[in-house]
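K.L.:
I need the structure of the sequence given here:
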Amino acid sequence: MSASDGGGKSWGPWHSVGEYYSIPTYWESEIQSALPANRRKAIIDCTLSEGEDMVGAHLNWTTRLEIAKRLDELGVDEITTPIGIEMRELRDWIRSCRRAGIKAKICDKLVSVVLPIEGNDDWKPRIDARIECEPDSLVLFSYYPQISYWSDFTEGPFTLQQVIDDSQRIVEYAAGRGVEIVFSFPDSFRHRIGSIVALSRAGVDAGADGIYIYDSRGQSTPRASYAICKAIKEAIGDKLLYVQHHNDLGMATACSLAAAEAGADVLDASICGVGDRSGTAALEEVAAVLYAYGFETGIKLDQLVPLARYVEWAFGFECQATKPIVGWQANMEEGWGHRDPDDPVESPMAIAGEVLGTPFESVIGPNVFGKIKITQAPGVHKHKDILPDFMDELGIEYDDEALVEIERRTYDALLSRREGYIRIDEFEQIVRGVLDNLASPVTQ
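P.N.:
Next up, the predicted model:
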């Protein structure tokens, strides 16, 4: 899967628009042959459910609805309902979304049901009440103690077969009533893989339209997520597999890609990764990496940054500068960054911004006067002549005297900057001011 420029240099599809954001090894047949034929992946957004699990977070009705509308415009396939609201609020919320013209499915996620074997008499009315709220999909969550799955059902009150039998009763009761039923079970990833597959198969055999699994503690690795999702898809066939990864160990995005590679159909993510503890897979990261590696999501990538800014405001936080995709530094470097003068023009500089359709931004910061000027060997890189290079690109003529003054004025301007850098348009103003002063000096 490679092409040549005719001069013996081999470029791969990663050097074509829409594809060069990836690395060449990914396109080797050994990897590509293992990927699913269906490259369309749906996104279910959990900003409103996981986001309000953040410490101190509680959005008002108007803000929730605005986020839902923007998510719909972004192109997500499903939106989860806000967490911890009463039946009356849930029904009104779903109706408000429909009145607002939201086309994405509304998912009532994580409706926990205590197993009937425990003598629970209210599980049917509980399901009835949620269905009456008319969500598009309902995620039913069989609840049983942690000791059960930690011990692979060798300890605790129930055997695996008892859990399977009761879970099937629950799914059979809910199925076929005008709402898509998705079956789930607690801390899915902390079950042994044999139990995961058995529970998943039991759910679809009972009539579930899909299976929802969770890496609830953010402990999974890409290899483990791939193995789990591959095994489930082999068991459930064309039924939908939903996957959520928490980010406690910083691997949620990587694990989401692995799940997609294994055949998962729907990936769970939230804007800016909002959620309890370290949050969940960040939608902007998942959408960008899937695009870079050849999957389709329907997400309008150019709307991710504006929506992230709104979510920051809504939840009262600011993403760190280095946050992938939406951090303020994600598409910016001092000087020319890592680009070499003879790099092909299509070679990406900042993946984050360029995937979203935003050009890489060079800025002038203290490294232009320090690290860059000192560490780069002569002739190796453009960094040593960065200010003259910028002026050449701006079409500005200057002499040695002007250059000395321009460097001094630029350095002085940096000292007063809280943000620590100067944009190129601001640098141009400094340059033209210096040149004007030299051309028409002020006499004392």
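K.L.:
and the strand ranked longest in the chain, what does it pack against?
P.N.:
Identified as the longest strand of the chain according to DSSP state E is strand 105-114. If you count contacts as 3 or more Cβ pairs under 8 Å, 6 or more residues apart in numbering; DSSP states H and E, strand 105-114 packs onto strand 78-80, helix 87-99, helix 123-132, strand 137-143, strand 180-184. Yep, even glycine has a C-beta here, placed from its N, CA and C like the rest.
K.L.:
kindly reformat the ones you listed as TSV containing mean pLDDT and distance to Tyr26.
P.N.:
Shown next, in TSV, are those (pLDDT from 0 to 100; distance: least, Cβ to Cβ, whole Å):
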stretch	mean pLDDT	distance to Tyr26
strand 78-80	98	28
helix 87-99	95	38
helix 123-132	93	42
strand 137-143	94	32
strand 180-184	97	31
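K.L.:
can I get the ones you listed in a markdown table with mean neighbour count and distance to Gly194?
P.N.:
Shown next, in a markdown table, are the helices and strands packed on strand 105-114 (neighbours: other Cβ atoms under 10 Å; distance: least, Cβ to Cβ, whole Å):
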| stretch | mean neighbour count | distance to Gly194 |
| --- | --- | --- |
| strand 78-80 | 24 | 29 |
| helix 87-99 | 15 | 36 |
| helix 123-132 | 16 | 27 |
| strand 137-143 | 21 | 17 |
| strand 180-184 | 25 | 17 |
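K.L.:
among the helices and strands of this protein, which has the poorest mean pLDDT?
P.N.:
Averaged element by element with mean pLDDT, DSSP states H and E, the chain has its least confident helix or strand at strand 3-4 (a mean of 35).
K.L.:
tell me how far Met81 lies from Lys233.
P.N.:
No Met there; residue 81 is Thr. To Lys233, Thr81 is 27 Å away according to Cβ to Cβ, to the nearest Å.
K.L.:
same deal with Gly395?
P.N.:
From Gly395 to Lys233 the distance is 57 Å (Cβ to Cβ).
K.L.:
so if I had to pick from those two, which one is more boxed in?
P.N.:
A direct count of neighbours by other Cβ atoms under 10 Å for Gly395 and Lys233 places Lys233 higher, at 21 against 6.
K.L.:
hmm, Gly263 and that one touching each other?
P.N.:
Yes: the pair Lys233 / Gly263 is scored as a contact, 4.0 Å apart, by Cβ atoms under 8 Å.
K.L.:
residues bridging contact with those two, i.e. touching both?
P.N.:
Shared contacts of Lys233 and Gly263, defined by Cβ atoms under 8 Å, 6 or more residues apart in numbering, comprise Leu241.
K.L.:
buried ones in the helix or strand containing Ile147, by neighbour count?
P.N.:
Taking DSSP states H and E as the definition, Ile147 sits inside helix 146-150. Of all the residues in helix 146-150, those buried under the rule 16 or more other Cβ atoms under 10 Å are 148-149.
K.L.:
ok, Leu140 - contacts?
P.N.:
Applying Cβ under 8 Å, 6+ apart to Leu140 gives the contacts 111, 113, 127, 170-171, 174, 181-184, 208.
K.L.:
mind listing the residues bridging to it?
P.N.:
When bridges are called by DSSP bridges, Leu140 pairs up with Val111, Phe183.
K.L.:
re the thing from before, between the contacts of Leu140, which sits nearest Lys239?
P.N.:
Closest to Lys239 out of the contacts of Leu140 is Ala208 (7.1 Å), distances taken as Cβ to Cβ.
K.L.:
could you measure from the residue nearest to that closest one when sequence neighbours are not counted over to Ile271?
P.N.:
If the residues on either side of it in the chain are set aside, Ala208 comes closest to Phe183, at 4.0 Å by Cβ to Cβ, 6 or more residues apart in numbering. Using Cβ to Cβ, one gets 27 Å for the distance from Phe183 to Ile271.
K.L.:
what sits against Ile43?
P.N.:
Residues near Ile43 by Cβ under 8 Å, 6+ apart: 75-78, 266-267, 269, 283, 286-287, 297-299.
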